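Engineer: Need the 3D shape of this:
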Amino acid sequence: MDYSKKENSLLNRINKRIIKLNADLERMEDTESKAKHFIEQEKALHEIRSIIREEKAVDKTKEKAEEASEKAVDKLIKEQDKAVTHIVKKIDDLDKNLANLDDDDSKVKSYLEQKKVVKDIKDILKEFE
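Structural biologist: Numbering: from 1, shown residues only. Now for the predicted structure:
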């Protein structure tokens, strides 16, 4: 988020309102009524406050969106960690199973165990996608 542009925009809006106030007061210079001057100043202050409140509301909305985005990223990271944990467990189980095989049928059983683990890992990755 480019805060300097946002700040400049806010300051420009406030500056425009102050320039308008100044022009209004210059037009009313011949008027002796302090009440009219006061009313114009109060209207200008009210508009400036409204501009600032509007900017704050936009900030809050953006902050909420950023928080939601951060939560989504956190959730994704947790899911990735879970998937990695499952994959590591599958590989550890494969290592244990391969270590327990007899020499008689070890090539065929080893191949089948490896294929099973590869399939399980692919399933885990599909779930993650």
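Engineer: helices or strands up against the strand or helix carrying K89?
Structural biologist: For K89, the enclosing helix or strand under DSSP states H and E is helix 34-99. Using 3 or more CB pairs under 8 Å, 6 or more residues apart in numbering; DSSP states H and E as the contact criterion, the elements in contact with helix 34-99 are helix 3-27, helix 106-128. In short, each C-beta sits where N, CA and C put it, glycine included.
Engineer: From V84, how far out is Q114?
Structural biologist: Separation of Q114 from V84 (CB to CB, to the nearest Å) stands at 19 Å.
Engineer: Tell me which residues touch the closest residue to D120 other than its chain neighbours, please.
Structural biologist: Taking CB to CB, 6 or more residues apart in numbering as the measure, D120 lies nearest to K90, with 5.1 Å between them; neighbours along the chain are not counted. K90 makes contact with 117, 120-121, 124, according to CB atoms under 8 Å, 6 or more residues apart in numbering.
Engineer: Just name the closest of those residues to A23, please.
Structural biologist: I124 (68.9 Å; CB to CB).
Engineer: Phi first, then psi, for M28.
Structural biologist: Backbone geometry at M28, expressed as degrees, to the nearest 10, gives phi -90, psi 10.
Engineer: mean confidence score for stretch 84-101?
Structural biologist: In this model, stretch 84-101 has a mean pLDDT of 79.
Engineer: H37: neighbour count?
Structural biologist: Here the number of neighbours of H37 (other CB atoms under 10 Å) works out to 15.
Engineer: no, scratch that, I was asking about E113
Structural biologist: Other residues lying near E113 total 19 when counted by other CB under 10 Å.
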